[in-house]
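> pasted the sequence and its predicted model underneath.
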Amino acid sequence: MEHQTYQDAIAEYELKESEQSLLLYAHYGRAIYMGQALEQQTINMLAIDDIVKNKPESQDTYEAIWAKYDHSKKMVGIMTALLQEAYHISDVDMEELREVLAWRNNLAHRYFRFNDVLFASHGGRKRMIKDFVDFANSIRAVEEKLSVYIAAYNRGAGLSTESIAKLLAERKEEWKDKVIDDTYDSTVKYN
């Protein structure tokens, strides 16, 4: 995703009033999506670390490792502590990741409840867009930092770009023939 400034977002926003709400929701959706993608990236990092350390010998063991993280009830604090240990992430960078994940939770669960009054005015909606753009830019900054830790981890674990791609391709392969229609159950089932 391209880097966007608040000024760019507001230039888009200065449309007809009927289109402003749609654009605000688009910025909100992008922010939530980026937050979810970052959270999934941390889950993938933990699962890959588990796979590297435990070298599963069966497909069932391999799938159990992914399920352990995909359907975990572990709190973000525990997950980030495991991530910091496995990837040797500095305290400063880890705190930034935790703050961004907390911000994601706020956007997903509380933002509109506590900022609904902003939605009622033109200036308030512009402020909301600023919040969403700022969040997206924070995500990008954290992702850039994580990429350095991931590269160092991969070198230390002897993982190549190809082997990581293979691990993730195997994961995607499990989903390739899934039928996603009205009968598909998308609810999360915790073990």
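Cool, got the structure.
> quickly find the element holding Lys166.
If you go by DSSP states H and E, Lys166 is part of helix 161-176.
> buried ones in that helix?
Along helix 161-176, these residues count as buried under the neighbour rule (16 or more other C-beta atoms under 10 Å): 167, 171. C-betas here are computed from N, CA, C, even on glycine.
> mind giving me the packing neighbours of that helix?
If you count contacts as 3 or more C-beta pairs under 8 Å, 6 or more residues apart in numbering; DSSP states H and E, helix 161-176 packs onto helix 17-54, helix 59-70.
> quick one: the following helix or strand past the last one to helix 59-70, angle?
By that I understand helix 59-70. Next along the chain after helix 59-70, taking DSSP H and E as the criterion, comes helix 76-87. Computed by axes from the mean of the first three to the mean of the last three C-alpha atoms, to 10 degrees, the angle separating helix 76-87 from helix 59-70 equals 120 degrees.
> could I get the average pLDDT for whatever helix or strand comes next after helix 76-87?
Counting by DSSP H and E, the next helix or strand C-terminal to helix 76-87 is helix 91-109. Averaged over helix 91-109, pLDDT sits at 94.
> what's helix 91-109 packed up against?
Checking 3+ C-beta pairs under 8 Å, 6+ apart, helix 91-109 ends up next to helix 17-54, helix 76-87, helix 122-157.
> need the per-residue pLDDT for the residue nearest the centre of the chain.
Central residue of the chain (C-alpha atoms, centre = their mean): Leu38, 2.2 Å from the mean position. Predicted confidence (pLDDT) for Leu38: 94.
> and the closest residue to it other than its chain neighbours, how far is that from Leu101?
The shortest distance from Leu38 to any residue other than its chain neighbours is 5.4 Å, reached at Ile139 (C-beta to C-beta, 6 or more residues apart in numbering). As judged by C-beta to C-beta, to the nearest Å, Ile139 and Leu101 stand 10 Å apart.
> need the overlap of contacts for those two.
In terms of C-beta atoms under 8 Å, 6 or more residues apart in numbering, Ile139 and Leu101 are both contacted by the residues 35, 38.
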